[in-house]
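*Asks:* Structure for this input, please:
(3 chains)
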Amino acid sequence: MSFPWAQHYEPRHPFMQWMDEKLPLPRFVYNAVGAGYPVPRNLNYWWNFGVLAGFCLVIQIVTGVILAMHYAANAGVAFDSTEHIMRDVNWGWMMRYAHANGASAFFVVVYTHIFRGFLFGSYKAPREMIWLLGVVIFLLMMATAFMGYVLPWGQMSFWGAKVITGLFSAIPLIGTPLQQWLLGGFAPDNAALNRFFSLHFLLPFVIAAVVILHIWALHIPGSTNPTGVEVKTESDTVPFHPYYTAKDGFGLGVFLILYTAVVFFAPNALGHPDNYIPANPLSTPAHIVPEWYFWPFYAILRAFTWDFFFIPAKLMGVLAMFSAILVWFFLPWLDTSPVRSSRYRPLLRKFVWFGLLPDVIILGYCGGSPAAEPFVMISQIAAAYYFLHFLVILPIVSSIEKPEPLPFSITEDVLGKDDHAVLAPAQPAAA
Amino acid sequence: MADDAGIDTPVHETGEGVRRRDFINVAAVSFAGVGGLATLWPLIRQMSPSADVLAESSTEIDISQIAAGQAIKAIWRKQPVFLRNLTPAEIALANKVDIGSLRDPQTLAERTKPGKENWLITMGVCTHLGCVPLGAGEGEPRGEFGGYFCPCHGSTYDTAARIRKGPAPKNLEVPVYEFNSDTVVKIG
Amino acid sequence: MVRLFGPLIGLFFAVALLWSFGNGAYVAITEPAAATAESVFHKHPKEVHFASDGVFGRFDKEQLQRGFAVYKEVCSTCHSLKQVSFRDLTAIGYSEAEVKAIAKQWGNKAQTFDPKTGDRADRENLASDHFPPVYYAGQGSPPDLSLMTKARHEGPAYVYSLLTGYEAQPAAMLKQFPDAKTPDGLHYNPYFANLNLAMPPPLTTDGQVTYSDGTKASVDQMAKDVSAFLVWTAEPKLDKRKQTGWPVVGFLIAATILAYLAKKNVWADQAH
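*Replies:* Model prediction:
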């Protein structure tokens, strides 16, 4: 669906007309990310991160396919083949650093994209399906990133694989057989490494497929916007191209500057030194930590230190860690406020900026620190707030809060803040 | 990707402003194009032989143990190389051939180093489709011309490893090599 | 449903967490964690600078060659360098002939195995070979050094500090932790994670290694040089990485400025 005033694709060149009859791919692109897709005119830079996330996926797939040409998924040689890439393969060092830091960049971008959703109520009707697909993408990303981190077969790779598959052993009755099934053995070894490699190669393409669904679902209601007021008239929108292609181009430039600066000047800053030690099943690193993007969830996992009635602490931790993400699936129904954007929701705005955001940062800090006091106690309080925020505070806030007055329309909002603003008719863009 | 026609300025603006704006838009899109093309280079280059493969592109072989009439197979760049110590009879046989009658005319002298005509060093790769001809190993058939015989499609080489019969178009290739000493050959 | 069970689940997790918190707090108060010798006496690496530090840093090849000399004369008896090949040494300024000679004269020989006869034998190393493994007759194998400076926090400074950090066990330590006496056969070093290290001090006397470039081989200098060398072995492409980085980032900054101006152009006539 699109708005009735969306520009229509009219191929002028005979070849494009011929193409349009046989395979209307240009028309499809025109309607998806071209001039045929009307987008609210008031999107701010928070809205750059969707395109950036897509770009990160492309970086990861391209560099990943290349690394797979040189990597050997065998416990005996995986570590050495990674060093072979770093030392002997032409530009191999760049490919590997681009891929390892590309994962971090992808998570930075996606976390920002998710936070945009929290701030502007992007998950609310009629966009629930976009949100649900987004959470699925995030879960797939986590699985992919975890399995990718195992591949260099360093100490953190090995012990990460052991600890994370160990989570499944917390499940009553079937836990231990399940862990052995996942690993294809009693501890991580060739079988695990090979299946992780296979799945690590496969899952990004699954992610790409879900991304297509995510964008498809987005094109049905169209993008939301900082006011949260739905598009009413043509003056509320501008065509995606050239307006948002230009803005995304600029955003992409800024992103690439930061990303390449890390790749070329601090490529190991986000990694852990222990992963430059070959995997050793007989010696555990003093301090096992996952990559930074898992720290908040890792902190929640470790926060349960005492059995709760008949539930063992280990099981509680695993349940809580998975629930911490699963809770996002229910967000559209936990937030019952009729107002979408937190810009007009004074109470929610405070809880998101001064509650949820610092809480997740604190959880992340604790998750990256040794499992010792005071970090454990701090993470217990922070984890409690995390669950209360989504499951208790959000429903209460959305029913008691008095929203501030909404603008009538996007146009009114845009004109209201700038007396000299002109709403020029959207320029026709050539095909 | 981006189409510049779409980023035109409105009609009511004219002159300098329009030209400057167009220039910037074109420049921005051009930069994106140049950056994209430059990125391709490492993506393509990574498939070329890596440093460890290139490091093995020359190999030294001890030939002191090869008696006249014998040959050995060595490996160079992951392919077989035949090193053969020709007997005077084999040399004579090779020199007797009328060069004009050959499919790939070359003399034995052209295929060996001066003063070392008895050392016939060739790739062990049939010039037809890349099989390894027989004749270098002990007890292998050498074909009717006493050189090498390729079992795949019957190419037969003489004692100068020149193609004499069968489908192969060229003589067995002589790799780049030099004698480091009387007993050590460096190939590559 | 969601609005009924959601808050209940939220409260369930919150109460379980507070239960853990309460128990943890009680234990922390009644049984405060005791200090250990490691927590009191372990030291962070010393402040030390290398030519390759920073975004403009490049390797000092003369220093790398001196560091290689230290590795060869001192470390290589026990520690391997298996990720590095002899041929790589051309990158720190040795000619191909020199590299060939270094490989040929290397004390540890490459191993060959004849699958027909099952014979194992030694052969001289070739330039294309990796540094051979070192089998250390004694207690286990000392760690490979190829990636050491990337495998430790503040790696180069750590290696330097460890090499120059051996000392007698402080008397104050034995007073506070009588059980923490360094066991026989180990050596006290406050820069090592658990303070006691099996490796005896490797660099002990000035002039232990003869430098061909005339630099005075003090213990401090040797420690610094070998640390710099191990930065190179861990990341031989460091120079190339930074050399590539500058044009890439510079180009992107220019492109982004243009993209910003183009974006302003496009939006010039639209309120937003």
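*Asks:* Now for the nearest residue to A:Met142 once chain neighbours are set aside: which residues touch it?
*Replies:* Closest residue in space to A:Met142, ignoring its immediate chain neighbours: A:Phe294 at 7.3 Å, by Cβ to Cβ, 6 or more residues apart in numbering or on different chains. C-betas here are computed from N, CA, C, even on glycine. Going by Cβ atoms under 8 Å, 6 or more residues apart in numbering or on different chains, A:Phe294 touches A:142, A:145-146, A:367.
*Asks:* just curious, which of these is nearest to chain C?
*Replies:* A:Gly367 (14.5 Å; Cβ to the nearest Cβ).
*Asks:* secondary structure class for the closest one?
*Replies:* What DSSP: H, G, I helix; E, B strand; the rest coil gives for A:Gly367 is helix.
*Asks:* right, and A:Ala161 touches A:Val150 too?
*Replies:* Yes. If you go by Cβ atoms under 8 Å, A:Ala161 and A:Val150 touch, sitting 4.7 Å apart.
*Asks:* what sits in contact with each of these two?
*Replies:* A:188, A:192, A:196.
*Asks:* just those now: which is nearest C:Trp106?
*Replies:* A:Pro188 (35.4 Å; Cβ to Cβ).
*Asks:* Test my guess that the closest one contacts A:Gly166.
*Replies:* No. With contact defined as Cβ under 8 Å, A:Pro188 does not reach A:Gly166; the gap is 10.2 Å.
*Asks:* out of those two, which sits in the busier spot?
*Replies:* A:Pro188 (26 against 17; other Cβ atoms under 10 Å in any protein chain shown).
*Asks:* That one and A:Val318: what is the separation?
*Replies:* In this view, A:Pro188 and A:Val318 are 18 Å apart by Cβ to Cβ, to the nearest Å.
*Asks:* so what's the closest residue to C:Lys240 other than its chain neighbours up against?
*Replies:* Spatial nearest neighbour of C:Lys240, excluding adjacent residues (Cβ to Cβ, 6+ apart): A:Trp93 at 7.7 Å. By Cβ under 8 Å, 6+ apart, the contact list for A:Trp93 reads A:85-87, C:237, C:240-241.
*Asks:* Let me know the helix or strand that A:Trp93 is in.
*Replies:* Applying DSSP states H and E as the criterion places A:Trp93 in helix A:92-120.
*Asks:* so after the longest helix along chain B, what's the next helix or strand?
*Replies:* As assigned by DSSP state H, the longest helix anywhere in chain B is helix B:16-45. Of the helices and strands lying after helix B:16-45 in sequence (DSSP H and E), the nearest is helix B:51-55.
*Asks:* In that next one, which residues are buried?
*Replies:* For helix B:51-55, a neighbour-count test (16 or more other Cβ atoms under 10 Å in any protein chain shown) marks B:51-52, B:55 as buried.
*Asks:* Confirm for me that C:Leu18 is in contact with A:Ala384.
*Replies:* Yes. The pair C:Leu18 / A:Ala384 is scored as a contact, 6.2 Å apart, by Cβ under 8 Å.
*Asks:* And these two? Which one has more around it.
*Replies:* Neighbours were counted for C:Leu18 and for A:Ala384 using other Cβ under 10 Å; A:Ala384 has more, 23 against 14.
*Asks:* for the host helix or strand of that one, the distance to its chain's centre please.
*Replies:* Assessed by DSSP H and E, A:Ala384 sits inside helix A:375-388. Helix A:375-388 sits 22 Å away from the centroid of its parent chain (Cα atoms, centre = their mean, to the nearest Å).
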